[in-house]
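Peer 1: predicted structure and sequence below. I'll ask about it afterward.
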Amino acid sequence: MELKNNIIYFRKKSGLTQEQLAALLNVSVSAVSKWEIGSNRPDLELLPDLAEIFQVSIDSLLGYEKSYKNLDKKILEIELLLSEEQYHTAISAGTELLKRYPNDLRINKLLADAHYSLCFSTSSGKAKKGIAERSIYYYERCMEVYDGAKPHDCTKEELHRNIATLYALDELKKYGEAVEILESYNGGRQYDNIIAQYLFLVGKKEEGKNRILKHCITDQIFVFNDLSILADMYLREEDYEKALLFLQAEITSYELFLREEGGYADRACAGKAYIISNLYMQIDKPEEAAKWYEKAKKHAALYLRNPSMLISSLRYCNNLEGRMIDSYGDILEKLNRNQ
């Protein structure tokens with residue numbers, strides 16, 4: 001139906017009669033007539049000639065460009081769902097779209113990203129493990145179709161980095177595989193802090209500590225990532241005093257990026273202050289716990305003024321692109337319910 005209508009449309013647009021088009025293609029007038037009523041179609045070898053006569057692409061002649069535009073629109077809709085943290089809806093829409101375009105890198109990546117984000121907003125357990133494995137599956141599909149797609153908006157490094165992050169989840173514990181992936185892209189030592197964490201988790205504790213300390217002191221602008229990793233290391237060793245020192249230092253580093261109008265830094269401060277409060281309760285220091293709980297509530301309220309996950313919502317980071325991902329969603333809900 002699309003082809004017959006397009007032949008009629010482009011023929012008339014070109015100012016040609018059926019007889020003139022038939023003469024140009026060296027076919028009978030009845031052949032052109034059958035194309036236009038839909039009882040027959042032009043041979044494949046005639047399509048380039050038809051497209052040339054009409055001065056359009058073969059995709060336009062066959063109606064594919066309209067299909068591509070519809071696909072682009074649907075992809076934009078899924079991207080919007082993802083930006084609004086509607087992960088389940090984005091996954092449902094992306095899965096349906098993938099049935100028609102199974103090798104489209106953009107759809108596979110959207111599904112991978114949606115599962116990735118959902119994974120970090122899901123409580124630990126069997127469900128999180130399954131979500132992480134689905135995310136890895138879609139990232140690996142992206143790798144399979146990557147060279148043919150020639151994308152401009154993502155790199156193999158980004159895809160591998162996200163796979164490494166998922167490998168290192170407590171639910172998967174593939175720390176060695178994660179280190180191997182990141183080391184292959186670590187020429188500029190940009191992944192030293194993450195590699196240090198995974199080395200610690202795989203049992204190479206001193207190597208991990210030394211690597212993160214060096215990175216924290218010499219290489220890292222946003223030191224709160226390093227401080228969080230150090231705190232986690234000491235928590236796992238049940239050295240609560242050192243863990244508290246690094247958690248409090250992490251909050252201090254986030255405070256450098258606070259804005260009066262609120263933003264992600266307040267969300268991070270609220271989440272960390274809540275964790276510190278719980279830790280003080282754990283070591284039987286209720287007064288300190290109460291102080292940090294009030295601090296958590298204060299920053300949770302400030303975050304509501306500008307509930308942004310964008311890096312650009314941090315002070316001094318106006319020109320930086322990207323979104324932050326964390327596990328503070330449940331904490332923020334609890335704090336806001338208790339305001």
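Peer 2: Perfect, thanks for sending it.
Peer 1: with Arg259 as the reference, measure out to Asn318.
Peer 2: Distance, Asn318 to Arg259, using C-beta to C-beta, to the nearest Å: 10 Å. Any C-beta I mention is one placed from the backbone N, CA and C, and that applies to glycine too.
Peer 1: quick one, which of these two is more surrounded?
Peer 2: Relative neighbour count places Arg259 above the other of Asn318 and Arg259, with 18 against 9, counting by other C-beta atoms under 10 Å.
Peer 1: let's verify the more buried one: helix, strand, or coil?
Peer 2: Assigned state for Arg259: coil (three-state reduction, DSSP: H, G, I helix; E, B strand; the rest coil).
Peer 1: not counting sequence-adjacent ones, nearest residue to it?
Peer 2: Arg315 (5.0 Å; C-beta to C-beta, 6 or more residues apart in numbering).
Peer 1: check the gap between the spatially closest residue to Val223 that is not a sequence neighbour and Asn225 for me.
Peer 2: Closest residue in space to Val223, ignoring its immediate chain neighbours: Ser253 at 5.2 Å, by C-beta to C-beta, 6+ apart. Counting by C-beta to C-beta, the separation of Ser253 from Asn225 is 9 Å.
Peer 1: what's the answer for Asp330, then?
Peer 2: Here Asp330 is placed at a distance of 21 Å from Asn225 (C-beta to C-beta).
Peer 1: which of those two has more neighbours?
Peer 2: A count of neighbours by other C-beta under 10 Å puts Asn225 above the other of Asp330 and Asn225, at 18 against 13.
Peer 1: name the SS class of the residue nearest to Arg259, please.
Peer 2: The assignment at Arg315 comes out as coil when based on three-state DSSP.
Peer 1: surely it meets Glu260?
Peer 2: No: Arg315 is beyond contact range of Glu260, at 9.1 Å (criterion: C-beta atoms under 8 Å).
Peer 1: ok, these two, which is more surrounded?
Peer 2: Each of Arg315 and Glu260 has its neighbours counted (other C-beta under 10 Å); Arg315 has more, 13 against 9.
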